Structures are given as C-alpha cells and as structure tokens.
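fold the following, please.
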Amino acid sequence: MEAGSLAALVELSPDAICVHEHGVLTYANRAALETFAARSAAEVVGRRFTDFVADESRAALVEKLALLTEPGQASEPVEALMSRLDGSKFAVETVSVRLDGRLAYQVVMRDITAKKAAADALRYQAALVSHVSDALIATTGEGVVTSWNPAAEAVYGWTAAEAVGRRASELVGAPLDLCGGGVTEAVHRRRDGAPLAVRVSAAEMNDGYVLVCADETARRRAEQNYRTVVASLDEGVLVTGPGGLIEAANPAACRIIGVTEAELIGVPCHTLVLFTESGQWIPPDETPSVQTRRTGVTHNGLVVRLRRPDGRDVWVSLTSRLLNPDDPAALAVVTSFTDITETRAISAQLAHDATHDPLTRLANRTLVLDRLAGTGRGALTVLFLDLDKFKVINDSLGHSVGDQVLRIVGERLRRCSGRDDLVGRLGGDEFVVVTGEVTEPGEVRALAEHLRAALAEPIGVLGRQLHLDASIGVVLVGGADRRSAEDLLRDADVAMYQAKTLGRGRHHFFDVGLRERMQRRLRMEQDLRDAVHDGQLWPAYQPVVDLRTGEMVAVEALLRWTHPRHGAISPVEFIPLAEESDLINVIGKEMLRATTRELATRRRDQGLDLTLKVNLSTRQLDDPHLVPAVQDALANTGLPPGALCLEVTESALMRDQEAAGQVLASLRSLGVLLAIDDFGTGYSSLAQLRRLTLDTLKIDRSFITGIAESRDAAAIVTSIIAMAHAVDLTVIAEGVESAEQLDLLRSLGCDQAQGYHLGRPVPAAELFGQ
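Residues are numbered from 1 along each chain as shown. Down below sits the predicted model:
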C-alpha cells in the first residue's frame, strides 16, 4: 500500500491514533483531536502524551510502554482513563506499537465509555435480580425456566439448579397464564406444599416471558389478622372516606350505635347525633370526624353522648384521627369509640357515695364543706344539730333501732328544709342544715324551732314511742365573711355545745366570745393533760368533824390544780374537762395512790385515827380497772380498808343502778366504806339505798345553805337524817358555813359535818403539820 494511502487511512480511522516520541506528541489524527476535544492539531502536537492520561492510569500505561523494546512490538490491549483538554475524563482501550529506530510509539485508542456503561448496567441488573425480594422467573415461550433468582429460591424452596429446565407451573404449584400479561392475584405452593398468596406480573420478552412473583402471604395474613382483631374489638371503629361517607364499620360500632353495617356504610358520618357532656347538640360541621378531616388535628378521648336511632342515649369516649397521618391530603378519617355508659354510671354513683352518707343518703361532711367553701357563697345560715340523749336509744334498743331513728331524723330534716338548702349528716347523731334563704336572726330562730318541733314528733319503733329533741348551734354568715368552711362548721359546733351546756333542747347563736371560751376550754384540756405528768395536780384535805365530840374524824381529799401561768384553776372548771375525757380515770388513780399513801403515813407516824374520803366520778364507775386500782393502792400503802371511804354522787348511782350495784359490791368486798354524795339532788329512794349497801350519806350543800332560814329546808334535812338513820347510815352535812347551821344540824341529830366554818381544804402539811 502506498504511503499516502496509508496516511489517509490513519487520518480517517474512527479510532483515535497518535504518535509520541520521547513522550511528546508528534501526530494526532482527526479522531484523536475530537477525542481530546481539540479544535486543531496545534492544541495537541508538542504536548506530552501523559498530559492526556488521567493520573490514576498514568503509571500503568507508562509501565506497558517500557515493556516494548523491539521495533514493531505491540502491547496487549490496556484499558485506561484519559483526560480531555476541558478536564473531562473518558475510558479507552489502548494498543501501543514501538516504531522503527526511534524511541517513538504509535498509540491506538478506542473509546469504550458506552461499552463500560452497558457492562455496568448489566452488572446492576444482575445484582438487582439477585437481591430483589420478589421472585424473578424467566421462561421460554413454552414456560420452561431459563432463569431463577435467589428470591425465587427463598419463596418457592427450589434451587436455581433444580428449577432451570423445568416447567414454571410445576415449580410454583399452579397454572400460569403467560400470554395474558398484566397483574393477577394467585395462590401458589411452596415445595413443601405450603400455600403462598402471590401477586404475579407477566411480561413477554423476545424469546419468552419474565414473571415477577411478589410473595404477599405475610401481608395478607397481617391484613386478615387485623380484620379479625378489629372485628372482635369491644371498641367501635368507623372509617370515613375523603367524601365524608362511612366506608367501614366493625361489629362493635354497629352494636353501640344500634344499627346494622348495611345501614352505616355510605352514610355521612355527621348524621350521627352527638351531644357534649354539658348536653349541647354538636352541629354536623363540628363533629370530631369532620373537624379532623378539615384540620388534620387528632381528637383524643372526647366524652360525648350519642343518640341511637331507637332513642336511647349512649355515652362514649371518642378518638378521631387521620387514617394515614403521613398523607394528610388523603382526608380519610378513622373514628374509634368506647361505650362508657356503665362506667360513667358507676363513676357517678361512686362520686355520689363519696359525698353522701350511706345511712341517711344525706350530704356528708365533704359535700357540706364544699358547699360552705363555694365561691360567691353569699349570705348563709349554718344550723348544727346534735340529738339529745341519742346514746340512750342506741345503748338500750340497739344500733339497728338507732340507725332507723337516724334515717327518720334525716328525712324529717329534709322535709323541713327548702329546695335549695343542703341537709347533711356529719356522723353519729350530728346533722347540719345550710340555707341561703333564711338569714335574718328572727327567721333563723323560727327555723331552728321548726326543726326541733319536727324532730320532737314521736317516732314509733318496735312498738315503742320514742321522743327526741336536739341542741342546735347557729352560725350566721355574711357575704363578706372570710371564715373557711372548716371554721364555720367548727363555730356551729361550738354554738351547739353551748346549747347543750345550757340545758339541751334549745338553739344558741355563735358569737366570738363563745369561740374564745371554747378555745380556752380546749387549751385548758391540753394543759390538764400536761398537768397530770408535770406535778401540777395535788390533793387538798378538808376536815370532817364529829358533831357530838367536835373532833376531826375524817378528811376528804379534794383535787386542786396550780397552773404554771394562770395560777389556781377552779375545780368547777377543770373537773368537768377531766370527766368528759379519759383523763378522769388517770387522774383518779394517781390521786388515790397519793392520798392513801399520805394518810397511811400520817396514821402511822402521828397516830391519827382518821378516815380518808375520796370522790369517784361516773366515768370511774365505768372503768373496769377501778377495783384493782383500789386494791393496789391499799396493798402498796398499808392503809387499812376500813380507813378508806369512797364517795359516789347520787346521780351517778341512779344512772345505771344494776351496774353501779355490781361495782359497789366489788369495792365492798375489799373492806372499804361507801358513801352516797350530794344526796337530795337525785331521785333515789330508801329501798334503793338499802340495796346499795352504803355506809354514809352526805346531804347536799344546797339543803344546808338555807337550813337556818327556811322551815322547809330544815324539814327536808330532818327527814333525810331520819331516813338514813333508819338504815344505819352515818349522816354527814357538807357546806356548813356558820355556827348557827352547825348548832341546828347537831340538834337535828346529824352525825358529822364539813365546810368552811369547820376548815377549808388545805395541803396535808398545813392540816397535819410537818
């Protein structure tokens, strides 16, 4: 071939051809210039060949050139990455040839960018086929498997080696419609026979078909499980479509709403009739599902009342949310609701029980306090009622009768009160009436007496006619009154207590002075408790004189209290406090030990033949430890039993004669003497006195005070002395204040006397000497 023809052939070659000598380009054909993005040879010729080799390929390419040592020797095809003048890179396959007699090389470059892209695409497709989760099956036109990817192995249990060459329908356990195309739902079988829910997509290729089989078994099982769960829920579920129509409803929803599924499907959700907790009708455009569809906002736990087609109301707790929160534009809404009608009724009953007395069904203390603490309460009147002597009914007729009486009392108070008044039972036999209608003092007095009159009507129980009365404490509350509810109830209680103190069966209005007196009483009670342990209580001794000899024959031990701040406290004030609490038993035992010890010592050291007189209260007679305490005191101090005389008031003896008789008999068995104190203030008879086996009778000071001026008093005292002597009782007159009284008593035959005229109560050291 001529040189000119060869040069033309090289110049017009579609492959890029260039020549470089000592590494410098000396020639580049037209294809090479285009490949390097050069506009003329001047931009390429004269530059180093390696300027057009990418850095990552330069070393390998130079190494290949170094291996060409003989002229005409050609390299193996080498892939390399080249660079254009604009800096872009492209892949080529190069062959280098060593030229004759010079260190020169001809390089032929063929652009393989498209080839590499196609190869990469094939590799990607192969990787996709190998790693896709769907089974990909390629078949011939007759349905014989030619390709079976790993997912197909996993789904059907056949390996690719086992599958290729066999009919696809045999491997999937079902006939395949290869010609139909499109997407179908089918049930296939695994190698072990297990059913598979499969979505099949078939596509025709040049030489056969490709099947994409998506295993939806798990998804369909989950959907079925979900449908089963939703159908078995006690919670109603409705799905509302974008148009606001109900598209799905579970059985619970139909049961709660009271309709069939067919009656719900296709119906606008806002046709359900709903009401708020306060009873207001919810308009259709404000129902929870409509609001959620309009705003996308979820409504949780709304309590609404749903009216069923049969007219029955059902309370439900309702939640409304978008079916697909990730796609708010879809506008489908799911509404779930639970029937809480029974739960709400139970809660209402529990709330009622928490604020009402179970026996009378009246308001209890909690509700009364809530009413008194209410904001903007305005003017009120609080009437605190306590039944007088109700304990007698309970103790004598039993608690069942007592409960029946309390129910009747509650009903009578309710009938006598206004519609807006609150009637409550605070506990025991304590009731309260709170009214905002009767607030003037005169009207309140009339109301209090009206309540007492209603309670005073006879109550027939077990064939008996029971008669009740009440003591009522009244508190008037002004609109600007800042007292708390507890304070108001406390003040009413204080006023009621004062009514009882004044004689029961009456009402009493509260005033600040009354509260102060009661607070002092409470402080004194606490101080009295401290006094028991702090040595503030001590016995004083008053002499008892024999009227025939004028000698002291006995001493009466009288309790005294020296308060560290208030000084001497009158027994009239603190003895009732002690008797109303358990303190009287503690104090009584301590005083008994102290006085018996004192008198036993005086008798032994000074040779005194004196009797010790000690008072017993009503509470002490009820104390089961009284007799052992007396026995221990005598044993520990050495005082002879006959030198101890225990005095009991006439009223205490008459309160429960049988019980008192048993206690006195037990005391008598110890050898002590017994006396009836304050005789004449009760209702005892001579026969009763004989049954009690007493030794001494003390005439109450109220008869002695007027004995010198009143014939009637003298006659009464004469009769008492004669009666006592008739049953061999020693008679003592107490409260002797003058010589005239003393002389008269001596002339009437009275045995002994005591009083300020004969000697005031004084400490032992002052009476007996050191």
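
please count neighbours and contacts with C-alpha atoms only from this point.
Noted.

what's the following helix or strand after the lowest-mean-pLDDT helix or strand in the chain?
In the chain, no helix or strand scores lower on mean pLDDT, DSSP states H and E than helix 686-691, which sits at a mean of 62. Under the assignment DSSP states H and E, the closest C-terminal helix or strand after helix 686-691 is strand 696-699.

tell me the strands beside that following strand, with direction?
Paired strands of strand 696-699, with direction, are strand 673-679 (parallel), strand 730-734 (parallel) (DSSP bridges).

starting at the chain centroid, how far to it?
Here strand 696-699 is found 63 Å from its chain centre; the criterion is C-alpha atoms, centre = their mean, to the nearest Å.

ok, and for that strand, which residues are buried?
For strand 696-699, the neighbour count (16 or more other C-alpha atoms under 10 Å) marks 696, 697, 698, 699 as buried.

follow-up on the earlier one: and residue 603, which of the strands paired with strand 696-699 is closest to it?
Closest of those to residue 603 is strand 673-679, at 17.4 Å (criterion: C-alpha to C-alpha).

for that closest one, which outside residues touch it?
Defining contact as C-alpha atoms under 8 Å, 6 or more residues apart in numbering, one finds that strand 673-679 is touched by 641-650, 664, 668, 693-701.

then stretch 368-383?
Contact with stretch 368-383 is made by 422, 424, 432-439, 444, 448, 472-480, 484-486, 488-489, 492, as judged by C-alpha under 8 Å, 6+ apart.

mind running it again at 7 Å?
Contact partners of stretch 368-383, identified using C-alpha atoms under 7 Å, 6 or more residues apart in numbering, comprise 424, 432-436, 438-439, 472-479, 484-486, 492.

tell me the strands beside the helix or strand containing residue 558, with direction?
Using DSSP H and E, residue 558 maps to strand 552-563. Its sheet considered, strand 552-563 pairs with strand 537-546 (antiparallel), strand 567-569 (antiparallel), strand 611-616 (parallel) by DSSP bridges.

buried ones in that strand, by neighbour count?
Going by neighbour count (16+ other C-alpha under 10 Å), the buried part of strand 552-563 is 552, 553, 554, 555, 556, 557, 558, 559, 560, 561.

give me the pLDDT for the residue nearest to the last one when sequence neighbours are not counted.
Here the nearest residue to residue 561 in space, its sequence neighbours aside, is residue 537; by C-alpha to C-alpha, 6 or more residues apart in numbering that works out to 4.6 Å. Residue 537 is assigned 91 on the pLDDT scale.

run a quick neighbour tally on residue 537.
Applying other C-alpha atoms under 10 Å, we find 18 residues neighbouring residue 537.

quick check: it vs residue 646, distance?
Residue 537 sits 20 Å away from residue 646, going by C-alpha to C-alpha, to the nearest Å.

any regions of the stretch 1-150 of the chain where pLDDT drops low?
Along the stretch 1-150 of the chain, the parts satisfying pLDDT under 70 run over 1-5, 101, 117-131.

equivalent analysis for the chain, please.
1-5, 101, 117-131, 180-181, 328-329, 375-376, 680-690, 770.

hmm, back to that, which among the contacts of stretch 368-383 count as buried?
Here, 16+ other C-alpha under 10 Å leaves 424, 432-436, 438-439, 472-477, 485, 492 buried among these.

how about CSV for the buried residues of strand 696-699, with distance to residue 521 added?
Shown next, in CSV, are these (distance: C-alpha to C-alpha, whole Å):
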residue, distance to residue 521
696, 35
697, 33
698, 31
699, 31
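
from these, which two are the most distant?
Of all pairs in those, the most separated under C-alpha to C-alpha is 696 and 699 at 9.9 Å.

for the stretch 151-300 of the chain, which segments count as strands?
182-189, 195-205, 208-215, 236-240, 246-249, 273-275, 299-307 (DSSP state E, counting those that start in this stretch).

I should have written the stretch 401-550 of the chain there, sorry.
422-427, 430-435, 459-461, 464-466, 470-477, 507-509, 537-546.

can you list the residues that contact the fourth one?
So that's strand 464-466. 458, 459, 460.

before we move on, what about stretch 222-237?
With contact meaning C-alpha under 7 Å, 6+ apart, stretch 222-237 is reached by 249, 250, 251, 252, 253, 334, 335, 336, 337, 338.

next, format the residues you listed as a markdown table and append distance to residue 414.
Shown next, in a markdown table, are the contacts of stretch 222-237 (distance: C-alpha to C-alpha, whole Å):
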| residue | distance to residue 414 |
| --- | --- |
| 249 | 51 |
| 250 | 50 |
| 251 | 48 |
| 252 | 45 |
| 253 | 45 |
| 334 | 51 |
| 335 | 47 |
| 336 | 45 |
| 337 | 41 |
| 338 | 39 |
